[in-house]
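[1] return atomic coordinates for the entry below.
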Amino acid sequence: MRAFEYVKPTTVAEVIRELGRSWEAAKILAGGTDLLGELKEGIIAPQKIVNLKGVADLGYIRFSEKEGLKLGALTTLAEIAAYPVIRQRYTALAEAARSVATPQIRNIATIGGNLCQRPRCWYYRDENTRCLKKGGPICFAYNGENKFHAILGGGPCYIVHPSDCAPALIAFKASVTIVSPRGKRTVPLEEFFLLPSRRMDHETVLEPDEIVTEIQVPTPLPNTRSTYLKFRERDSFDFAVVGAAVVVRLRGGVCEDVRIVLSGVAPIPWRSPEAEAVLKGKKITPSLAEQAAKAAVAKSQPLAQNAYKVPLTQAIVKQAILKTVA
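    Residues are numbered from 1 along each chain as shown. Here you go, the predicted model:
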């Protein structure tokens, strides 16, 4: 590990002043569960680490019917999973947060870090492999070991986004506030993540001198139900091999509106308007849920070793849809 400068500012303004204009200049430390791994594995070698933990006004949960839910970027996943209003009104988000890793990790992992974490692809995480994501010539997963890689939206890089909370938040139409030396901007979370075909050096719209400070989630309309389900290889703790967040609004048993967002299958949290269209305006039945699940993977393009994800995704999507109307 290369030596670096360590700073612990106490305000957002101080944080911004410490950041540089290149990814190598400075890295943000929030919970540290992802950053420390990258440092130890030799994937990154920043000149400076900027610790956010001294910024007291970045960790909070606030809710009002008028303004909805607001989460400071340093709010921990454990706090989100346990918060009564989130469990009752934003059930998919609470379930997603609770599904992450272990209780010990959830006690320190932050929502901002969960959204901004880097890929878990084993080629990217290998310090001796200069893959496409790290400025190399090719994505080694395409013709290599690709059991856990993308079946939707892949190319030229086939990573999958590792966040569980992002699909749930996108399903609830969340936005993020981003702060930089140029001021403040708000971005719908669905537009926050970028495919490798649009950007290779990072998975989001963030520039090196920008940070996420808050996540805003509108108040769910009456008769809204939601869930997040995921399949993982290890039941104890693991990233999603496949996951699905479903937020549905019902009236008299008929689906008035629905949003379905997948995890573990694409380089970004993957919303499926095709599956949503199958359900809208209809009474949800097992047969209709199965049709929607098939629509969710109709455009999938599996690699040599991950075709199993297609039927697995169908099963998870169908189960999640039916759980919201049970």
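[2] what's the domain layout of this protein?
    57-116+160-217, 224-325 (automatic domain parsing).
[3] redo the ones you listed as CSV? Include mean neighbour count and mean pLDDT.
    (Glycine included, C-beta is placed from N, CA and C.) Formatted as CSV, the domains of the chain follow (neighbours: other CB atoms under 10 Å; pLDDT from 0 to 100):
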stretch, mean neighbour count, mean pLDDT
domain 57-116+160-217, 20, 98
domain 224-325, 20, 97
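[4] among the ones you listed, which is nearest Glu18?
    Nearest to Glu18 among those is domain 57-116+160-217 (9.4 Å), distances taken as CB to CB.
[5] quick check, distance from that closest one to the centre of its chain.
    8 Å (CA atoms, centre = their mean, to the nearest Å).
[6] now do stretch 213-226
    16 Å.
[7] can you get me the start-to-end distance on that stretch?
    25 Å (CA to CA, to the nearest Å).
[8] tell me which of the domains of the chain lies nearest to Asp34.
    Among the domains of the chain, domain 57-116+160-217 sits nearest to Asp34 (CB to CB), with 6.2 Å.
[9] and that closest one, how far apart are its ends?
    18 Å.
[10] just stretch 104-112 next, same as before
    Stretch 104-112 end-to-end distance (CA to CA) = 17 Å.
[11] of the domains of the chain, which approaches Leu19 most closely?
    domain 57-116+160-217 (4.2 Å).
[12] picking up where we left off before, mind putting the domains of the chain into JSON lines with distance to Gly42?
    Listed next are the domains of the chain as JSON lines, based on distance: least, CB to CB, whole Å:
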{"stretch": "domain 57-116+160-217", "distance to Gly42": "18"}
{"stretch": "domain 224-325", "distance to Gly42": "21"}
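[13] which strand residues bridge the spatially closest residue to Ala26 that is not a sequence neighbour?
    Nearest residue to Ala26 in three dimensions, chain neighbours excluded: Lys48, at 4.2 Å (CB to CB, 6 or more residues apart in numbering). On the basis of DSSP bridges, Lys48 is bridged to Glu5.
[14] how far away is Lys48 from Asp209?
    12 Å (CB to CB, to the nearest Å).
[15] and Thr219, how far from Arg89?
    Thr219 is 7 Å from Arg89, by CB to CB.
[16] tell me the SS of Gly113?
    helix (DSSP: H, G, I helix; E, B strand; the rest coil).
[17] so how far is Cys165 from it?
    10 Å.
[18] strands of this structure, residue ranges please.
    With DSSP state E applied, the chain shows strands at 5-7, 27-29, 48-51, 61-64, 68-72, 175-180, 183-188, 211-217, 224-231, 242-251, 254-263, 270-271, listed in chain order.
[19] spit out the contact partners of the closest residue in space to Glu24 that isn't next to it in sequence.
    Using CB to CB, 6+ apart and skipping the chain neighbours, the partner closest in space to Glu24 is Pro46 (6.0 Å). Contact analysis of Pro46 by CB atoms under 8 Å, 6 or more residues apart in numbering lists 4, 23-27.
[20] residues in contact with the longest helix along the chain?
    In the chain, assigned by DSSP state H, the helix with the most residues is helix 309-325. With contact meaning CB under 8 Å, 6+ apart, helix 309-325 is reached by 151, 225-231, 241-248, 250, 253, 260, 262, 264-265, 272, 275, 279, 284, 286, 289-290, 292-294, 296-297, 300, 302.
[21] rewinding a little: what sits in contact with each of Lys48 and Asp209?
    With CB under 8 Å, 6+ apart as the test, Lys48 and Asp209 both reach Gly20.
[22] which residues touch Ala277?
    Taking CB under 8 Å, 6+ apart, one finds Ala295 in contact with Ala277.
[23] of all the domains of the chain, which one is nearest Ala141?
    Here domain 224-325 is closest among those (CB to CB), at 7.4 Å.
[24] now the terminal residues of the closest one, how far apart.
    Terminal-residue distance, domain 224-325 (CA to CA): 10 Å.
[25] repeat that for stretch 207-225.
    Termini of stretch 207-225 sit 35 Å apart (CA to CA).
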